[in-house]
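K.L.:
Mind looking at a prediction? Sequence and model below.
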Amino acid sequence: MTTLREAIVGSSYVIKKIHGTGPLKRRIMDMGLSKNTEIYVRKVAPLGDPVQIRVRGYELSLRREDAECVEVEEIEK
């Protein structure tokens with residue numbers, strides 16, 4: 001498995017697991033990221049922080065530390 005931080009721009013993924021505990025995990029889930037949710041990686045800033053994704057019909061930017069907590073699996077085209 002790979003993390004959202006390592007995801008390739010222009011690819012679609014399914015969230016498999018969210019690592020972390022307490023407030024960190026709750027904040028990520030409050031942004032709409034939960035298990036089995038499809039996401040699309042739109043772009044990554046030049047220095048790798050933040051990562052912009054499309055999830056549940058809206059655009060979301062995640063910090064590198066938060067993206068590292070989200071384990072994803074690529075959807076085959």
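P.N.:
Everything's here; your move. Numbering: from 1, shown residues only.
K.L.:
avg pLDDT for the longest helix seen in the chain?
P.N.:
Longest helix in the chain by number of residues, with DSSP state H as the criterion: helix 22-30. Averaging pLDDT along helix 22-30 gives 90.
K.L.:
Distance-wise, check the residue nearest to the spatial centre of the chain relative to Gly20.
P.N.:
Among the residues of the chain, the one closest to the centroid is Leu4, at 4.4 Å (Cα atoms, centre = their mean). For Leu4, the distance to Gly20 (Cβ to Cβ, to the nearest Å) stands at 12 Å. Backbone N, C-alpha and C define where each C-beta goes, glycine included.
K.L.:
Please apply the same query to Gly57.
P.N.:
Counting by Cβ to Cβ, the separation of Gly57 from Gly20 is 25 Å.
K.L.:
what about those two, which has more around it?
P.N.:
Remark: of Gly57 and Gly20, Gly20 carries more neighbours, 16 against 6, as counted by other Cβ atoms under 10 Å.
K.L.:
Not counting its neighbours along the chain, what's nearest that one?
P.N.:
Among residues not flanking Gly20 along the chain, Cys69 sits closest, at 4.6 Å (Cβ to Cβ, 6 or more residues apart in numbering).
K.L.:
confidence score at the nearest residue to Ala7 once chain neighbours are set aside?
P.N.:
Counting by Cβ to Cβ, 6+ apart, Ala7 lies nearest to Val41, which is 4.7 Å off, once chain neighbours are set aside. Reported pLDDT at Val41 in the predicted model: 94.
K.L.:
cool, Leu4 as well?
P.N.:
Leu4 is assigned 89 on the pLDDT scale.
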